[in-house]
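with the sequence up front, the predicted model follows.
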Amino acid sequence: MKPTTKEACPLCGAAAEYYLVDYDQCKYFKCLNCTLFQVSLRAEERLSQAPQQWRDSYAKKARQAPDEHALVIRVPSPSQEPGGANVALSGKYVLRSKLPQ
């Protein structure tokens with residue numbers, strides 16, 4: 001088991017702990033309120049500067065994850081299509097067995 005670090009949850013601010021995954025580019029959080037979720041370091045930085053409603057929305061999504069899934073929050077790659085929209089953050093459910101450990 002990887003060593004964990006205690007830190008306030010980046011979504012709700014409650015006491016939480018995480019360990020680094022995906023070549024230390026992502027944190028796998030366990031929060032009493034938000035349950036299990038992963039957030040990339042870049043996405044966590046954007047969330048820290050985002051309006052509170054963004055964090056509230058992702059916290060709600062994390063709690064509503066289907067069985068055996070966890071929410072993964074990332075900064076998506078820029079659209080390769082000319083004139084494509086640049087989305088600030090992306091959150092999707094991934095089977096926990098498929099998540100980087």
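Received it, and whenever you're ready, just let me know what you need. Not measured: the values here are computed from a predicted model.

can we go C-alpha only for contacts and neighbour counts from here?
Fine.

if you count neighbours, what's buried in the lengthiest helix in the chain?
As assigned by DSSP state H, the longest helix anywhere in the chain is helix 52-63. By neighbour count on 16 or more other CA atoms under 10 Å, the buried set for helix 52-63 is Arg55, Tyr58, Ala59, Lys61, Ala62, Arg63.

ok, stretch 64-80 next?
For stretch 64-80, a neighbour-count test (16+ other CA under 10 Å) marks Ala65, His69, Ala70, Leu71, Val72, Ile73, Arg74, Val75 as buried.

per-residue pLDDT, the fifth one?
If you check Val72, the pLDDT there is 97.

and the buried residues of helix 52-63 as JSON lines, adding distance to Leu95 and pLDDT?
JSON lines is the format used below for those (distance: CA to CA, whole Å; pLDDT from 0 to 100):
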{"residue": "Arg55", "distance to Leu95": "22", "pLDDT": "95"}
{"residue": "Tyr58", "distance to Leu95": "17", "pLDDT": "96"}
{"residue": "Ala59", "distance to Leu95": "18", "pLDDT": "97"}
{"residue": "Lys61", "distance to Leu95": "15", "pLDDT": "97"}
{"residue": "Ala62", "distance to Leu95": "13", "pLDDT": "97"}
{"residue": "Arg63", "distance to Leu95": "14", "pLDDT": "97"}
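
how near is Ala70 to Pro51?
23 Å (CA to CA, to the nearest Å).

do Lys6 as well
Distance from Lys6 to Pro51, by CA to CA: 24 Å.

how far does stretch 38-58 sit from its chain's centre?
8 Å (CA atoms, centre = their mean, to the nearest Å).

so what's the residue count around Leu95?
14 (other CA atoms under 10 Å).

check contacts around the nearest residue to it once chain neighbours are set aside.
The shortest distance from Leu95 to any non-neighbouring residue, by CA to CA, 6 or more residues apart in numbering, is to His69 (4.2 Å). The neighbours of His69, taking CA atoms under 8 Å, 6 or more residues apart in numbering as the test, are Tyr93, Val94, Leu95, Arg96.

I am finished for the moment; much appreciated.
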